[in-house]
Each structure stands twice: as structure tokens, then as C-alpha cells.
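[1] I would like to see how this sequence folds:
(4 chains)
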There are 2 protein chains.
Amino acid sequence: MQVDELTTLGRRDRKKRQTRAALAAAALRLVAERGLDQVTVEDISEAADVSARTFFNYFPTKDDALVGDSEGDRERVLRALAAVPAEQPALEALRRAFIGAVEEAQGDAELWQLRLRVVTQHPVLLGRLVTGNATTERALVEAIAARTGLPADDAYPALVVAVAGAALRAAMIRWATGDAHRLATLLDESFATIAAGLPDPRTG
Amino acid sequence: MQVDELTTLGRRDRKKRQTRAALAAAALRLVAERGLDQVTVEDISEAADVSARTFFNYFPTKDDALVGDSEGDRERVLRALAAVPAEQPALEALRRAFIGAVEEAQGDAELWQLRLRVVTQHPVLLGRLVTGNATTERALVEAIAARTGLPADDAYPALVVAVAGAALRAAMIRWATGDAHRLATLLDESFATIAAGLPDPRTG
DNA sequence: CTAAAACTTTGCAGCGTATGCACCTTTGGC
DNA sequence: GCCAAAGGTGCATACGCTGCAAAGTTTTAG
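    Numbers count the residues shown, from 1 in each chain, chains lettered A, B, ... in the order given. Below is the predicted model:
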């Protein structure tokens, strides 16, 4: 797959991907080293050896070079959700939909953990992540409503999606901060705890 | 209390509050009318009859004039949490801690619903809200860890706080989008559903 | 009542982010 | 090779935001 794509694509597209990846990597590295405000778009562009103007041909804002591709993630998660049999409970369906995205991150563990560390160190980026996820969340709410046969304005779909997102976020943060477990395992544990009603560990 | 504050404070502080409120209100009104990018800081300052430079003496960024006072909210929620008996389960403790903040919003219903509508229409602001809440979330995680006697790096406190936050957010959005219910009622329903393990409505 | 102290407002200069436009180079199909 | 399409670049411009110093207002002290 990977090789196919690389050989099929022309030189132009290959260079584009390269440039994009170089910009994202440079941005991440520089910000991890110096902090968000000590890195300008010009610094990043220089490190990737393109003009500052070109940076904005690839990313609409500086932050976007840091937070990853929320659109791609959205498509992947929605496709995965559609592939889960409709008779599965909503929460379980969401768990399965997330697993795919999560295993991808596991593959690029180094990049993703760097990204997560940078993001947690700069809450404003955390906000940007949420911005990207807002669209995904709306789409998931619709999908869950359709799947469960609930009216579009029922409280349940919005709630279960918000909670599932919280579980994903908690698992990823935990994973990034040095926990040795596999991300998928952490995600499963979070979902299991939620399905049990989040019992207080002292009593349950 | 309110009256005491107003009469005790000198003219200077009263004017400051006035200016701050005028800026926030003007920002909210203008953005609701025209959209975020069609309103400049100068527009807002003009509407509040101060210079643009003065705007930045009150709010560090344009967005901050729109999203409200996360610091104040944080203090209130933390105090409320501390007042809940330690033997209450973590999830229930968080529900009670949120109720106070929520009733405050209910009091200023008009302002808050305008704010929530503006925020949901501009996801980037939703991100800003989260940025403000990130600090609150960290503090809540610590408080829950202490309260339950769990180690600071256990998965449970982070998960239960993230989920409770999701419930609060879902309830507020639902409340803002025209639902006639009281906000506190919507919050209680969300928490009840979560405590039951988010059963799929088709089966349970 | 007055004068000093403390604080607020303001203009200005300057940096960084972001966008639109025109020009140039590279690429891929013919 | 040639041409159309697309990416890269420089320039001009608008807005967001900060530091500084001057000017005005409120408070406090004598």
C-alpha cells in the first residue's frame, strides 16, 4: 500500500507530501525544544527549507502544523463506525470505531507521543485539537442517533459521544505520559470502567 | 452581598467593572450579529467607547472577552467539591460540585445562552473554553485522587473527571439550544445515565 | 482643601500571524 | 519540445497583541 502510493504518485505529489511532513516535523521538534511562543512560522519554514509564504500554502495556521490531520481521523473513525453491526450497543460501537485510529497512532508512536506531549504542554493547542474534533463529534452524534433510531435531538447520542471522546482523550494522555501499556489496552480499560458506571474504586 | 460590594467599592473599581462588562457584552453582541472574523477589537472597543489599547488592559485576547471567566468558575467548583463529604462516591461528588456553577448560569440565563450559542457557532472558541478548563480539570483530578486515596497517577481520577466534564458540556449545549428544561435537571439526567453505565436505550 | 501617590487610559512603535495578488519555476500530458 | 496546470515566492496589507511613556483621573494623606 505505502509503496504503491509512493511509486504511483508523481514527483510533484511526492514532493508535496515530503514538504508537508518536513514542516510538521520541524514545527513539532522546534516547539518541543523552545516552547510555542519562541518559535515563529519563519523558523519552521527555514528548518524545512521553504519560504514563510509556502508554509501557509500547507497549513492555515501555525497551530495546524502541530495538531495533526483531524479530517483524516474523522473519515477513518466514521468508516470504522459504519462497519460495526448496528445491533451492538452504542458505547461498544464507539469503542470499536476508535480502536482503528488508536492502532494507527500506536504505529507512529514516537511522532504521536511527541505531539501529545507538546499539546499537553500548551493548552491552547489542546483547544485546537478540540476544534478539529468538534466536527467529528457532530458527525458521530448523527451516526449514533441513526444507529439507535433515536430522534436527532435526543440527549443520549450527544452524551454517549461526549463521554466516549473523554475516554479516548484520557487514554491518550495517559499513554503519552510514559505509561508502558499499549494504547488500545488503556482505551479498553477506560471503556470498561465507563460501562460499569464509573464505580468509586473504594466501594467497587 | 452584591449591594455590599457595589457600595463598598470605590468609584474606580465600579468603573472598571462597568468597562469590563461593557466590553464583554459588546463583543458577544457584535459577534452574534456578524460572526467572529467580521468583528475586530477596534469594533468592540468602539462599541464600549474605549480605545483599542484599553481593551487589552482587560482581556489578553479577543476570544477572552467572549468565553467568560474560567478562573472564577474554577475557584467556585473547587470550593464546592471540597464541601462535599469525602465518603460520597467520586462521580456524585463531581455532580454536586457542578450544580453550584450551573445554578449561577441559570441566573444569568440570557447572557449564558447567548455565550453558548456564540461559542458553538465558532468552534475555535469552544477550543478556548477547553483551554481555560484544562487547568480546572488538572485541579479536579488532584482533588479526586486525594479524596479517593488513589495514587496521583492512577487512571481513575483522570477518567471520572473527563467524563463528568463531558456530561456538563453536553448538558449546557442542550440547554443553550432551546431546550425548555432547567440546566440543573439536564445535568442530573446526564449524570444518572452515566452512573447507569450508558446503557443503549434500545435494550435498557 | 490641596498635593502627592496610585492607578487607568491612551497613542505610538513594533513584531508576528495570516491573506490576496502577481510573477516565476517546475511538472506532466500531448 | 510545448503548453497548461500547479506549486513556490515576494510584496503589500490587515489584524492581533505587547511594551513603553505621556496624560488624565481617582484616592489618600497631610
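[2] tell me which parts of chain A are close to DNA strand C?
    A:10-13, A:15, A:39-42, A:53, A:56, A:60-63 (C-beta under 7 Å from any atom of the strand). Where C-beta positions appear, they are placed from N, C-alpha and C, glycine not excepted.
[3] and of these, the nearest to DNA strand D?
    Comparing the residues of chain A next to DNA strand C against DNA strand D with C-beta to the nearest atom of the strand places A:Arg53 closest, at 3.9 Å.
[4] Out of the residues of chain A next to DNA strand C, list just those in helices.
    Among these, DSSP state H puts A:11-13, A:15, A:41-42, A:53, A:56 in helices.
[5] Filter the residues of chain A next to DNA strand C down to the buried ones.
    Buried residues within these, counting neighbours by 16 or more other C-beta atoms under 10 Å in any protein chain shown: A:39, A:41, A:62-63.
[6] Next one: A:Arg117 relative to DNA strand D, how far apart?
    Distance of A:Arg117 to DNA strand D, computed by C-beta to the nearest atom of the strand, to the nearest Å: 24 Å.
[7] oh, I was asking about A:Glu87
    Distance from A:Glu87 to DNA strand D, by C-beta to the nearest atom of the strand: 44 Å.
[8] mind listing the helices for chain A?
    Counting by DSSP H, one finds helices in chain A at the ranges A:2-8, A:11-34, A:41-48, A:52-58, A:64-67, A:70-82, A:90-107, A:109-121, A:123-148, A:155-176, A:183-195.
[9] closest to B:Pro123 out of those helices?
    helix A:123-148 (4.2 Å; C-beta to C-beta).
[10] The closest one versus helix A:90-107: what angle between them?
    Computed with axes from the mean of the first three to the mean of the last three C-alpha atoms, to 10 degrees, the direction of helix A:123-148 lies at 140 degrees from that of helix A:90-107.
[11] For A:Gln38, the count of nearby residues, please.
    The number of residues packed near A:Gln38 is 10, by other C-beta atoms under 10 Å in any protein chain shown.
[12] Check A:Ala152 too.
    As a burial measure, A:Ala152 scores 9 neighbours (other C-beta under 10 Å).
[13] what do you get for A:Ala24?
    For A:Ala24, the neighbour count with other C-beta under 10 Å is 22.
[14] Just give the closest residue to it, not the sequence neighbours.
    A:Ala65 (5.2 Å; C-beta to C-beta, 6 or more residues apart in numbering or on different chains).
[15] Identify the residues contacting that neighbour.
    When contacts are counted by C-beta atoms under 8 Å, 6 or more residues apart in numbering or on different chains, A:Ala65 touches A:23-24, A:27-28, A:44, A:55, A:58-59.
[16] Please consider this matter closed, and thank you.
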